[in-house]
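Student: have a look at this fold, sequence not included:
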């Protein structure tokens, strides 16, 4: 009995130490996710050219599907991915369900952008922080055993996020922007997206406390995404006669939507690793700094605030700052030893429920570096096919007839590349993307 207690204490000590080691990695991944997720929505401005939101979402998800198979193949290889999926068969359904939630939420964001604009829609759907904090506490023991200071940070941060969302909602009602007529519809779409995206992290978290690699999870995740988007087009956008399937005038736009989907996947992969290493309640608020980058793309590149009155601008800026400060308050609540012990209990529960090896799951969850094996010949075929698709779409692409400041585009693209290189290199050195 004494030996068993000592072994249990040693395992718990090992778990807590491992969780603390990857906190910084999770923060870096979440910040990089914010940069990339903010940029990914810029191509959805093409909704103003006449494509339906369903068609835009489908084209973006087609790009997402391409990226979700290509990037894991580049980073780990398909042999690793399929071996991980075989070891975690019980999580495949969870991944497909998460993909379905993402597809519906993404479609709602396109409606929101159309009705209230990118600058306003971003902060509203980033209220998914509140939903994620609730699910993390209820299902995975996050914040249980946390210090009073950490709980206060989370609660006050959540209140600040909610207040900022309300402020931004009123700014669309009373501002002088061009979207006032459909503001209520756009707000509802953005709030619906926030609820779905907050809930979507439940399957994520369940997968990672069971030892699944984020790269394997997103490979299956994309099946739910693509299938749901096809169903939405077939059911709500004209069926097989939908313009996206027949109009030759849309081919020059598809490249940009594919590109938006690809950019989204890079951000989402960073967010997946952040969710693994920080938990839902901390990863979502920190990656929701994408609101700042969405604001930058909307205001600097597309001049969404160019004709707004000063009251509208004050509300947008104040709401944005309030949401960022609230997210930072939540994300700086570093987990204490007691809270990490609660997380370890969740790992033990999953291992007992599905007959998993605790040491393997703990090593995976703690970010133990894994060497990458030799890649199969077909891995190179997958990458070549993806490059071929983008090349073919690029040849047929045309620059959209939208007002854009190309100087700011260059600056923001440089920030994208820098964030990916720095955070990706750190993640590789510490965990080999495990």
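Tutor: Good, I have the coordinates. No experiment lies behind these values; they were computed from the predicted model shown. Numbers count the residues shown, from 1 in each chain.
Student: mind listing the strands for the chain?
Tutor: Counting by DSSP state E, the chain has no strands to list.
Student: low-confidence ranges in it?
Tutor: 1-21, 44-50, 118-119, 122, 165-166, 168-182, 247-249, 367-373, 400 (pLDDT under 70).
Student: spatially central, which residue of it would that be?
Tutor: Centrality entry for the chain: nearest residue to the mean C-alpha point is residue 268, 3.9 Å, by Cα atoms, centre = their mean.
Student: might one say that it is in contact with residue 218?
Tutor: Yes - counting by Cβ atoms under 8 Å, residue 268 touches residue 218, with 7.0 Å between them. Any C-beta I mention is one placed from the backbone N, CA and C, and that applies to glycine too.
Student: re the thing from before, got a list of what the residue nearest to the centre of the chain touches?
Tutor: Neighbour list for residue 268: 33, 37, 218 [criterion: Cβ atoms under 8 Å, 6 or more residues apart in numbering].
Student: just the ones of those in helices?
Tutor: Among these, the members falling in helices (DSSP state H) are 33, 37, 218.
Student: put the buried members of those residues into a ChimeraX selection.
Tutor: Listed next is the ChimeraX selection for buried residues among the ones in helices among the contacts of residue 268, using 16 or more other Cβ atoms under 10 Å:
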select :33,37,218
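Student: out of the ones in helices among the contacts of residue 268, which comes closest to residue 192?
Tutor: Nearest to residue 192 among the ones in helices among the contacts of residue 268: residue 37, at 18.0 Å, using Cβ to Cβ.
Student: hmm, that closest one is touching residue 272, no?
Tutor: No - taking contacts as Cβ under 8 Å, residue 37 lies outside contact range of residue 272: 11.6 Å.
Student: ok so, going back, how near is the residue nearest to the centre of the chain to residue 422?
Tutor: As defined by Cβ to Cβ, to the nearest Å, residue 268 lies at a distance of 18 Å from residue 422.
Student: now residue 94. Nearest residue, chain neighbours left out?
Tutor: Nearest residue to residue 94, sequence neighbours excluded (Cβ to Cβ, 6 or more residues apart in numbering): residue 203, at 3.8 Å.
Student: hmm, that neighbour is touching residue 100, no?
Tutor: No - counting by Cβ under 8 Å, residue 203 sits too far from residue 100 to count as a contact (10.1 Å).
Student: buried sites along stretch 232-252?
Tutor: By 16+ other Cβ under 10 Å, the buried positions in stretch 232-252 come out as 232, 233, 234, 237, 238, 242, 244, 250.
Student: next one: that stretch to chain centre, how far?
Tutor: Relative to the mean C-alpha coordinate of its chain, stretch 232-252 is positioned 27 Å out (Cα atoms, centre = their mean, to the nearest Å).
Student: which residues in the stretch 101-250 of the chain form helices?
Tutor: Taking DSSP state H, counting those that start in this stretch as the test, the helices found in the stretch 101-250 of the chain are 118-125, 128-140, 148-174, 183-208, 214-236, 243-246.
Student: pick the most deeply packed of those helices.
Tutor: helix 118-125 (a mean of 28; mean count of other Cβ atoms under 10 Å).
Student: enumerate every residue touching residue 212.
Tutor: The contact partners of residue 212, by Cβ under 8 Å, 6+ apart, come to 84, 88, 91, 364.
Student: for residue 316, state which of the residues you listed is nearest.
Tutor: The closest of those to residue 316 turns out to be residue 91 (Cβ to Cβ; 40.2 Å).
Student: residues contacting residue 35?
Tutor: By Cβ under 8 Å, 6+ apart, the contact list for residue 35 reads 267, 289, 290, 293, 415, 416, 419.
Student: what number of residues lie near the fourth one?
Tutor: Counted with other Cβ atoms under 10 Å, the burial measure for residue 293 works out to 24 neighbours.
Student: the nearest residue to it once chain neighbours are set aside: what's it in contact with?
Tutor: Of all residues not flanking residue 293 in the chain, residue 38 sits nearest, at 2.5 Å (Cβ to Cβ, 6+ apart). Residue 38 sits next to 122, 267, 289, 290, 291, 292, 293, 294, 295, 296, 297 when contact means Cβ under 8 Å, 6+ apart.
Student: could you show me where the helices are in the stretch 301-434 of the chain, in order?
Tutor: With DSSP H, counting those that start in this stretch as the criterion, the stretch 301-434 of the chain has helices at 310-331, 337-354, 358-365, 377-395, 406-431.
Student: ok, the residue nearest to residue 158 when sequence neighbours are not counted to residue 316 distance?
Tutor: Nearest non-adjacent residue to residue 158, counting by Cβ to Cβ, 6+ apart: residue 130, 5.3 Å away. From residue 130 across to residue 316, the span is 20 Å (Cβ to Cβ).
Student: wait, residue 396 sits on residue 256?
Tutor: No - Residue 396 lies out of contact with residue 256 (Cβ under 8 Å); the separation is 11.3 Å.
Student: what about the two, which has more around it?
Tutor: Using other Cβ under 10 Å as the criterion, residue 396 and residue 256 rank with residue 256 on top: 25 against 12.
Student: for residue 383, which of the helices of the stretch 101-250 of the chain is the nearest?
Tutor: Comparing these by Cβ to Cβ, helix 214-236 comes nearest, at 14.1 Å.
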